[in-house]
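> fold the following.
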Amino acid sequence: MSLRPGIAFLADCPALLAMEIIASKWSMVTLFALTDGPLRHGELVELSGGISRKVLTQTLRRLQANGLVERHAYAEAPPRVEYGLTDLGRTLEEPIRMLTEWARENGEAVVTFREAAEAAKDHRRGSGDPGEDPPC
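Numbers count the residues shown, from 1 in each chain. Purely as a prediction, here's the structure:
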């Protein structure tokens, strides 16, 4: 694969497709939650730490439409539905684990950088230096 500009990220490039599918933070959280096995909707809500039921439903539908998640409805009373990774979805387990590890190792550095950048921006505003963001 070439890394020359304009080649790796053409509009019809598989890399863009992959990023489009998993770029949503809720997609990543949902896929990660399912790596240990199938879960029910309510369990996914609990594990996600902040997703609404509506957004989770939309996320699951999008992941199903892309062949990454499958829905199993059991003929029981009351009805039971579980979601699990497909074989294709399981191929994302390692990349998601690698991104999670990167975040654990580098998350603090990113937060520190963001805080320093925000402090510098606030300092520029307070000093009368227009910097990059002029006051409104």
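> tell me which residues touch Asn106, please.
Applying Cβ atoms under 8 Å, 6 or more residues apart in numbering, one finds that Asn106 lies in contact with no residue. C-beta coordinates here come from the backbone N, C-alpha and C atoms, glycine included.
> let me know the secondary structure of it.
Put simply, Asn106 is helix when judged by DSSP: H, G, I helix; E, B strand; the rest coil.
> pick out the residue nearest the middle of the protein.
Taking Cα atoms, centre = their mean, the centroid of the chain lies closest to Lys25, which sits 2.7 Å from it.
> distance of that residue from Val55?
Going from Lys25 to Val55 by Cβ to Cβ, to the nearest Å gives 10 Å.
> again, but for Ala119
33 Å.
> among those two, which residue is more densely surrounded?
Applying other Cβ atoms under 10 Å to Ala119 and Val55 shows that Val55 carries more neighbours, namely 15 against 10.
> now do the contacts for the nearest residue in space to the more buried one that is not next to it in sequence.
In space, and not counting its chain neighbours, Val55 is closest to Trp26: 6.0 Å by Cβ to Cβ, 6 or more residues apart in numbering. Residues near Trp26 by Cβ under 8 Å, 6+ apart: Ser48, Ile51, Val55, Leu56, Thr59.
> rerun that using 7 Å as the cut-off
Ile51, Val55, Thr59 (Cβ atoms under 7 Å, 6 or more residues apart in numbering).
> point out where this protein drops to low pLDDT.
1-12, 127-136 (pLDDT under 70).
> if we go to 50?
Across the chain, the ranges flagged by pLDDT under 50 are 134-136.
> and the strands in it?
Remark: strands assigned in the chain by DSSP state E are 39-40, 69-74, 80-85.
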